[in-house]
Structure formats: C-alpha cells, structure tokens
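> sequence and predicted structure, then a few things I'm wondering about:
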Amino acid sequence: MGGITFLSPWWLVALPVAITGLVYIYKNRTAQRTRVVSTLLLLKDFVKPALERAKVELPLRFFLELITLCILMALLAGIQVKSQGRRIAIIIDDSLSTRAKSITGSPLADHIKEQAEEYIDSLSGGAEIDLYRTPGQRAVLEHADGSSVEDALESDGDSRHPDQLGGVVQSALRKGYDEIAVFTDKEIQGFTPISALQFHTVRGQLKDKGNISLEKLSLYATDRKIHGAIRSFSELPASVTISSPGGDRQILKIDPHASKEVVIPVPQKSEEMLPVKMVIQEGSLDALVEDNEGMIASNPKRSEVIDVFSEPANGSLNLSEIHSYHFSQRTPREYQTSSEGAVQIFHRFTPEALPDSSALFVLPGNSSLFASKGVFDGLTATRFDASNPLTTYLHVNLLTFPQGQIFTPLPWQQVVISTEAGPILLAGETNGHRYIVSGIELFPFRGKESPLVSILTLNMLKWLKDEQTTSDQGFFYSEEESNIQSNVIDVTVFEQPGKFETENPKDRLRDWLLLLILIVLVTDLAYTIKSKQIFGARR
Amino acid sequence: MLPALFTPDYFKQLEVLQFKTKRAFLGSRQGGHISPRKGHGIEFSDYRKYELGDNPRHIDWGVYGRTDRLYVKRFLEEEDLSVLVLLDASTSMFQPSVAAKWHRARDVALSLSYVALSEHDTVQCCALGHYYSPKMTSLRALHVLAQDLNSLETKERSHEDRAMTHAMIQAVARIRFPGVAILISDCFVEFHEFEAALNILRAKNLLITVVQILGPEDLKPLTPGESGRLTDSESGEEIEVAWSEQDAKEYAKGLEMHMSTIKHFCRSAGIQFAQLLPDQDLKDFIVKELPTIGILS
C-alpha cells in the first residue's frame, strides 16, 4: 500500500463506503428518536421552524451520478490495486560462458542459479515473476510465484544458441516490468542506469581460473575486415593466434585482465560464413575453450547500393554514418524509371510515378503520388503503431517535430505515426514493393546524437531491404553479430529525450482523466444535494 | 373474559348504581325506569274519564263517591332504559400503549354496561367504526362484549378510520328508542368534528355523557430538552420538535384551552362531561365520581 494520497487504492475503496455510511447515518439520525404519539393535534404549534424540512425528491440523475461515481472509484481503485502488484522479470544468462568453472569447482551457471534463488527468496509476497533464460528461450519461461520459478531454474537451457542477453533485456524493458533482475557472468558495459534494471554478476568474486575469450566479432562492409576483440580474464599474460580462412593470421600478446582489438582483413569475395579461430599458446590459462571460435555471417543484401536522390542544395545527408549500407547519392535529374537498385531514397524529390523498387520518400512535397495536406510547424506525435516494424525500439508519443508534412493515407498505406494535424509517416506495400512516405526530415543522419530519428531511419532501411526487424536486435549501431559467446555484454538503454518519460504518459493521462471526471461528479452531486436541501434546513 | 378489575366486590359496588336520567325515555320492555308511557306502574300519573272498555278495577271509587262520576286512575309505566355506549376506537386510543387509554376506556364501558344490565336496561356498545354489538339485555352478554372489545386491540387500523362523525352516524342508526348515550373518548379530535359528532347524538334526543380518557403522554408528550420526530398515530403525519420548558408550559395551556372548549360546548348543549385522568383510580371514578357528577345514582 502506497502513501496517503487521493489515488491510493484503499482510500478510494473506503471513500464510497464512508459516504454511504455518512448518508445512512444522516438519514437515520432521528430514527431512534421517532415516537408515535396519539395525535399531533396540540403539537403542531410547537414545530421548530429550523427543523422543518422539505420533502426531498431526488432526481434520477442524482442516483445515476452516484452509481457512476461509485463505479469510477471502484475502477480507479482497481487500477491502482493492480498497479501495486510488482511484476518482476528474472533473466538468467545460461550462455556457454557460464559453463566455465569457478573457484569452487562448480560451473558459474550454478552460482548464477543460486544467486537468482536468493534473490527470489528475498522478494516480499505479491510479486509476479517472469523467468527468462538466455540464450534460446526468449518467451516467458515461467510466470508464477517464487517457488515454481525456482523449480524452473533447475532445468537446463540450450546454451548453443547465440547470446541474446541484450535483446532480452531490451524486450523486458519494453514490457514495463517493475523490476528486471539479470543474472549473468558477464561484465556490464554501456549501461544507462534505470531503476527497474539491476544486474547481478558472478564474475569477479568467483572466476579465478583464467579464460581468454574471443568476443564481439563485427564485419564492416566498407572495408571487408573482421573487427574483433579478445578479452583476458587470466592472471597471466598469454600469446594468442587468431586466424580466419582466406585472411591473415595474427599473433598477439594479451596482458592479464585486458582486452585487445584485432582486425583481420578478409578477401572481397569471401564465403558468406567466416569462421574465426583463436588458439592460446598457454593452454592452461584458458579454462573455457568453447569461446575460442566464432562465426560471422556476411549479409550479401547489405552490399547492395542504395540510390539516394537529393538536390545538392539540400546539403550533405551524412549517409556515410550509416555503415550498414552503401549509398550512392545522385541528383534528381539522374533518376531513371528503370533502376536496378533494390531500394531508393527520394529526399525532397518525388518522381512522376512510383519507382519499380522499394523506396523511401522523405518530405515529398506536393506530389501527385501522395495526398499531402501541407507542411505544418510544431507538430507533436500523438499516436504511433507500436506493432509496426518501423517503430521497433521506439516510443514516439509526444515527440515533437519542428516541421513536418501531413498526408492523407492512400488505401495501401498504413499510418505509422500520427500527429495532432494528421498522419506524418505512412508505410505500405503495393505492386510488390514497399514504400515509405515520411513527413519527418530524417537527414542529415546524426547517429547517436539523434537516436530516435536514427533508429527510425535504420528501421525504415531494414524494412525496405526486406530484413526482419525484430525486437531481438538490441544493437542497432552494430554491424554483424557474431555467434560467439561473449564475456562482455553491451547493454544500451535508450532514454527518450526531452519530453519523454520512463513512466507511461498514457497511464498518467488516464489517472488524471478519471480524477477529473470524479471531481466533476462530486461537484455536481454536491450541487444537487444543496439545491434539494438535503442537508440544509428550509427557512 | 372480563378484565381483572371486575372482582366480586366491584360487581357489588356496581350493582347498587343505576343510570340517572332527568327525563323519561320510552323503553322496549318493562324495566326499572319510569317511562312516559301510561301503564300499570306503581307511580300515579293522572285521572281520565271512564270509557267503555276500561277495566272497572281501575275506577277510582273514592272520586266516584265524592263527584258521582266515573274516573279511571292512570299510572306511569316502568320500562327499561336504552343505553348506548360509544367507544372511540381510533388509533389514538391505542397509543402510546394499549393500557394507557384503551384498557381504561374498555373497563369504563364494561362497568357502565354492567350497571345498565344489572338494572335490566338494554345496552348497545359500539367501538366507533369497528364494532357494533347487538342489543344486550342479559348480564351474560357482558363476557361476549369483553371478548369482542379485546379483539379490537389486534385489529389493524387505517388512516381512513378516523372520521368520528361517519362512525357516529352508523352507530345511532341502530337506535330505536332514545335513551342514554355515553361517549368514551380521548377527545383529541378537531373541535368542529367533535361538535358535529355530538350533534348527531343530540339530534336523536339522547341524554349524552362524554367521558374523556387521558393518558400520561397526553398531558406531557415530551420531557423538556428532548427533541425528535413525532408521528401522528392516526394521520401518519410527522413533525420534528425540540421540546423546551417553555413548550411544556404552552402545551399545558393549549390542552387546557382545548378541554375548556369541549367542556363549554358540553355545558351549553346539556351534555354531561366527566374526565378520567391517568393517575385516577378507575373504580373510584365509576363508583364515586360519576354519581357525584350525576351520571349515575
């Protein structure tokens, strides 16, 4: 039970009861003193005028409002009561790295489970616990109270899947848990503290046996080099040899508890699957050999060039910041109807007909292709389609745009983001291609400086390239994900800038709306009571 | 079954009483009261000339000797008295408790009925608006009357039963011979209604007596300092009062004024009036006070 506020549920439950009680007491205030006399013949002259009351005939509206008031209060109380129950997500890292033995000789996974069980035991009653196990099990493994969750902890997971801890954390954050407890053996980097999120790591206290891991392999399409990192958890320096078929072999030394970047050039025309192998000369220093080999997949689609049509006068679109794709910036005069590009971007320019490929139209102007309502200043996003792949990772309610173009959606278009003036971002498929019409200026691309627009832009490109944009991918700025077991998890939690709040503004709006209705009802009831002289004497 | 009040001693006290009438009333059968009808009583009335067919035994031979004319002696007939006992059975008589007013009124009615029946008078008892007894001439009928009156205590009453005049018309419609009418009531009705009801009796040339029964709460409805809601037992009307010492005094004045209005009317209309107060002994009231007033002798 929370503090004493008007919205505190138990007070709200008590309020109608108290009102009913008071009305009952008032109505029956003279019930015990009512006396039947033989006649009032001689007593009529002694009636005290102050006590004489009009016969109260309350209108139907009074009772309807009273019932509505009670329902509203119960509703409000119910909402608050429901919100009182804590929802907790427990995320167990069951990745390969947790198989490493600790100082006690038992695997780290056992210590992680113990820690999780201790945490569950420390929880006070009334909490709903969702158990996630990564990798492999992304859905809720168990949704129950503490004891059954502890039983579920004992079951083994599948540790051969790629490590998805970051994605699970992001997913849990979106589900709005009151508390998210992550039990892992990894170090947490790039973590923006959020009150709901807490990490419990067993590393440091337990792991004394050395381990040298190959982690975070990335393949940059721009230079065709594998960027990797080696991290040592050993107490001694070690010599490491890294090799990839068709690429150079690299031998390097790594200091205790240090990490080292490694770049392995690979041939331009290499296999799509590139294995990377790491060999430690001092084999005793590496307790966990499973993390010495990784595989990185090259996505051929991303090597395709995206044509961007924009007037040079519009300035640089800063597309070089988007490392995932190759862009070819052209002028509108260079546009040809038959383009070989899989995706085209039209910036402040619209062709006469829809291109024969998927396309993104940014601020198309008064084109006959789209029903534009015009350009408006100072727009605020009032609604967005959270299920749309373009809004993955985003929560754009109340996001303000200095300027934007408003459209009327065509039959094949879906509204992705709406403002108070109308739809500002539309997307849809027609003629076998995907098209996005954006009334929001997306360029120049600013990357992390403007995360919301950047994520939106990348989501659009992914969708146009027919890539599956799911909530599993938590690293929007990373290139390729390696399937190696990393010893470091990089979790980035995007806090909404400016007007965005971690609390759902919809809930707050609902509470205030209910409160407003409640106040109006109470005021009207009081007026009715006063006008009907229920509590006032007739003079 | 007769109430506990009616003990053998009380019966003996009642048996020596009889209704005192200033006028002679015709009766339906022989009784103990002088009737205006000439007949074979023992009280001399007058003479009239002998006519053919008169019984020669009624010729006053002394007068014949002095006047040499035949005269017949006439005597007043002694007949029974028709006694009509009217009980106010409105809801107010049963409030605040049955014992406060109704039982005392019932006992007065039974006592007066016994007095009449013991004198071989004819008695009719009516609980106004609710019960009309047949003519009673025997003392045995008193038990039936008591039983019938007791049954009225549990009878439900509605607010429409309270019209005294209407009930009075129904009651007097059954009278064949004028006689004595005794109205037993708390007299807590509007004066015009009370007057109208008594005028109905007056129209029947009855010798009317009003016996007022007052309960303790009629004298002091509330104690000073008390406040609350009062409900009229008859009309259901509700009022809220906050009773003070001053109110108690004013109420006493109002009650006195109401009584004096009724008494003044009764006096001017030749109606006998008796008042039975709550602290007054009922036996003394019947045996001592009513003879003193002149209702019984």
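Perfect, I can see it now.

> for the rest of this, base every contact and every neighbour count on C-alpha atoms.
OK.

> alpha carbons of the helix or strand bottoming out on mean pLDDT in chain B, as CSV, please.
Comparing every helix and strand of chain B by mean pLDDT, DSSP states H and E singles out strand B:30-39 as the least confident one, with a mean of 74. C-alpha atoms of strand B:30-39 as CSV (Å, rounded to 0.1, in the frame of the first residue of the first chain):
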residue,chain,number,x,y,z
GLN,B,30,-90.5,-3.5,31.4
GLY,B,31,-87.7,-2.2,33.5
GLY,B,32,-86.7,0.0,36.3
HIS,B,33,-87.0,3.4,34.7
ILE,B,34,-90.2,5.4,34.6
SER,B,35,-91.4,5.7,31.1
PRO,B,36,-93.6,8.5,29.7
ARG,B,37,-95.9,5.7,28.6
LYS,B,38,-99.0,5.3,30.8
GLY,B,39,-99.5,1.9,32.1
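
> show me what the helix or strand following it is packed against.
Following strand B:30-39 in sequence order, the next helix or strand is strand B:43-49 (DSSP states H and E). In terms of contacts (3 or more CA pairs under 8 Å, 6 or more residues apart in numbering or on different chains; DSSP states H and E), strand B:43-49 is packed against strand B:71-79.

> then the helix or strand following the strand it packs on to PDB, C-alphas only?
The first helix or strand that comes after strand B:71-79 along the chain, using DSSP H and E, is strand B:82-87. Provided in PDB are the C-alpha atoms of strand B:82-87 (Å, rounded to 0.1, in the frame of the first residue of the first chain):
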ATOM      1  CA  SER B  82     -81.700   2.200  26.300                       C
ATOM      2  CA  VAL B  83     -78.100   2.700  27.000                       C
ATOM      3  CA  LEU B  84     -75.700   3.300  24.100                       C
ATOM      4  CA  VAL B  85     -72.000   3.000  25.000                       C
ATOM      5  CA  LEU B  86     -69.900   4.600  22.300                       C
ATOM      6  CA  LEU B  87     -66.200   3.800  22.500                       C
END
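
> hmm, who's touching strand B:82-87?
B:27, B:105-106, B:109, B:113, B:116, B:121-128, B:171, B:177-185 (CA atoms under 8 Å, 6 or more residues apart in numbering or on different chains).

> close to chain A, is the very next helix or strand once past it?
The helix or strand immediately downstream of strand B:82-87 is helix B:102-118, counting by DSSP H and E. No. If you take CA under 8 Å from any CA of the partner chain as the test, helix B:102-118 misses chain A, and the best it gets is 11.5 Å.

> and whatever helix or strand comes next after helix B:102-118, what does it pack against?
Of the helices and strands lying after helix B:102-118 in sequence (DSSP H and E), the nearest is strand B:122-127. Counting contacts by 3+ CA pairs under 8 Å, 6+ apart, strand B:122-127 packs against strand B:82-87, helix B:102-118, strand B:131-132.

> what lies in contact with the longest one?
Judged by CA under 8 Å, 6+ apart, the contacts made with helix B:102-118 from elsewhere in the structure are B:3, B:5, B:14-15, B:17-19, B:81, B:83, B:85, B:87, B:89, B:93-94, B:122-123, B:125, B:136-139, B:142, B:145-146, B:149, B:184-185, B:213, B:282, B:286.

> quick check: closest non-adjacent residue to B:Glu195.
Spatial nearest neighbour of B:Glu195, chain neighbours left out: B:Phe265 (7.8 Å); criterion: CA to CA, 6 or more residues apart in numbering or on different chains.

> state the next helix or strand along the chain beyond the host helix or strand of that neighbour.
B:Phe265 is located in helix B:245-269, with elements delineated by DSSP H and E. The helix or strand immediately downstream of helix B:245-269 is strand B:272-276, counting by DSSP H and E.

> which helix or strand lies directly C-terminal to that following strand?
Using DSSP H and E, the first helix or strand after strand B:272-276 is helix B:282-284.

> list the buried residues for that next one?
With burial defined by 16 or more other CA atoms under 10 Å in any protein chain shown, the residues of helix B:282-284 counted as buried are B:Leu282, B:Lys283.

> next structured bit after it?
Scanning forward in sequence from helix B:282-284 by DSSP H and E, the next helix or strand is helix B:290-293.

> for B:Leu152, phi and psi?
phi -70, psi -20 (degrees, to the nearest 10).

> count the neighbours of it for me.
16 (other CA atoms under 10 Å in any protein chain shown).

> quick one: it from B:Ala105, how far?
13 Å (CA to CA, to the nearest Å).

> what's the closest non-adjacent residue to A:Phe332?
In this structure residue A:332 is Pro, not Phe. In space, and not counting its chain neighbours, A:Pro332 is closest to A:Phe309: 5.3 Å by CA to CA, 6+ apart.

> one more: A:Asp248?
A:Ile264 (6.1 Å).

> list the contacts for that neighbour?
A:Ile264 neighbours (CA under 8 Å, 6+ apart): A:Lys225, A:Ile226, A:His227, A:Gly228, A:Ser243, A:Ser244, A:Gly247, A:Asp248, A:Arg249, A:Gln250.

> so how far is chain B from the second one?
It stands for A:Ile226. 96 Å (CA to the nearest CA, to the nearest Å).

> quick check, that residue in a helix?
No. Using DSSP: H, G, I helix; E, B strand; the rest coil, the secondary structure at A:Ile226 is strand, not a helix.

> show me the contacts for A:Ser367.
A:Thr350.

> which SS class is it?
From three-state DSSP, the assignment for A:Ser367 is coil.

> which residues touch the residue in chain A positioned nearest to chain B?
Going by CA to the nearest CA, chain B is nearest to A:Ser38 of chain A, at 4.0 Å. Listed by CA under 8 Å, 6+ apart, the contact set of A:Ser38 reads B:Thr91, B:Ser92, B:Met93, B:Phe94, B:Gln95, B:Pro96, B:Asp218, B:Asp232, B:Ser233, B:Glu234.

> what's it sitting at in phi/psi?
Backbone torsions for A:Ser38, taken as degrees, to the nearest 10, come to phi -60, psi -40.

> what's whichever strand or helix holds B:Glu193 in contact with?
Counting by DSSP H and E, the element that carries B:Glu193 is helix B:191-203. With contacts defined as CA under 8 Å, 6+ apart, helix B:191-203 is touched by B:Met164, B:Thr165, B:Met168, B:Ile169, B:Val172, B:Ala181, B:Cys187, B:Ile208, B:Thr261, B:Ile262, B:Phe265.

> what pLDDT does B:Val63 get?
Each residue has a pLDDT score; the one for B:Val63 is 90.

> list the contacts of it.
Counting by CA under 8 Å, 6+ apart, B:Val63 touches B:Arg69, B:Leu70, B:Tyr71.

> can you give me the strands in the stretch 251-400 of chain A?
With DSSP state E, counting those that start in this stretch as the criterion, the stretch 251-400 of chain A has strands at A:259-265, A:273-280, A:293-297, A:305-310, A:326-330, A:343-347, A:358-362, A:371-384, A:400-408.

> in CSV: those, plus mean pLDDT.
Formatted as CSV, the strands of the stretch 251-400 of chain A follow (pLDDT from 0 to 100):
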stretch, mean pLDDT
strand A:259-265, 82
strand A:273-280, 79
strand A:293-297, 71
strand A:305-310, 86
strand A:326-330, 83
strand A:343-347, 88
strand A:358-362, 90
strand A:371-384, 86
strand A:400-408, 88
